[in-house]
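Q: Quick check, what structure comes out for this input:
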Amino acid sequence: MTLLERMNSSIETMTLGEKFLGSLQVTLLGVAVVFLALASLFIIIMLLEKFIHQAESGAEKRKTQKAMATATKETAGKPVTEVPVEDAQEEDSGQLVAVITAAVAASLHTSTHNIIVKNIVRTPDTAPAWNRLGRMQQINQRVR
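A: Residues are numbered from 1 along each chain as shown. The predicted structure is shown next:
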């Protein structure tokens, strides 16, 4: 009869050392079961992540191919005019400054002449959705 079987029927007749070894075996068995369950969950999550990533990249490739096909159809008979990259960036940044200035002026209920935008720095938006929603609600409460 093994130690675990003896613990099931007559624990009172066991010595202190046998009780200690039996409890150690039960503890190790429980830890092993939990470890195997967590390892299997980890493997399942990794596999799902790979499948989802492959599906997303496939969808992005299809969208890119459709966009390229549409762009080539639209520009097939038109002459191509080149715009230097530096000029395009300056034009875009100028438009961005104008839009941001107008938005700030509208939210502050003032003229654009009273606002000077000196620097625009884009920050990555890594905040969760609930955080962004809370900020938007606070901004909307201040405007009213």
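Q: from here on, contacts and neighbour counts on C-alpha atoms
A: Will do.
Q: And the spatially most central residue of the chain, how close does it get to Arg132?
A: The centre of the chain sits closest to Thr126, judged by Cα atoms, centre = their mean, with a distance of 7.3 Å. Distance of Thr126 to Arg132, computed by Cα to Cα, to the nearest Å: 10 Å.
Q: How is this structure divided into domains?
A: Per automatic domain parsing, the structural domains of the chain span 3-73, 93-143.
Q: Just give me how far the host helix or strand of Val104 sits from the chain centre.
A: Assigned by DSSP states H and E, Val104 falls within helix 85-108. Relative to its chain's centre, helix 85-108 lies at 28 Å (Cα atoms, centre = their mean, to the nearest Å).
Q: what does stretch 95-111 give?
A: Here the centre of stretch 95-111 is set off from its chain's centre by 31 Å, with Cα atoms, centre = their mean.
Q: Show me what the lengthiest helix in the chain is packed up against.
A: In the chain, ranked by residue count with DSSP state H as the criterion, the top helix is helix 16-74. Applying 3 or more Cα pairs under 8 Å, 6 or more residues apart in numbering; DSSP states H and E, one finds that helix 16-74 makes contact with helix 3-9.
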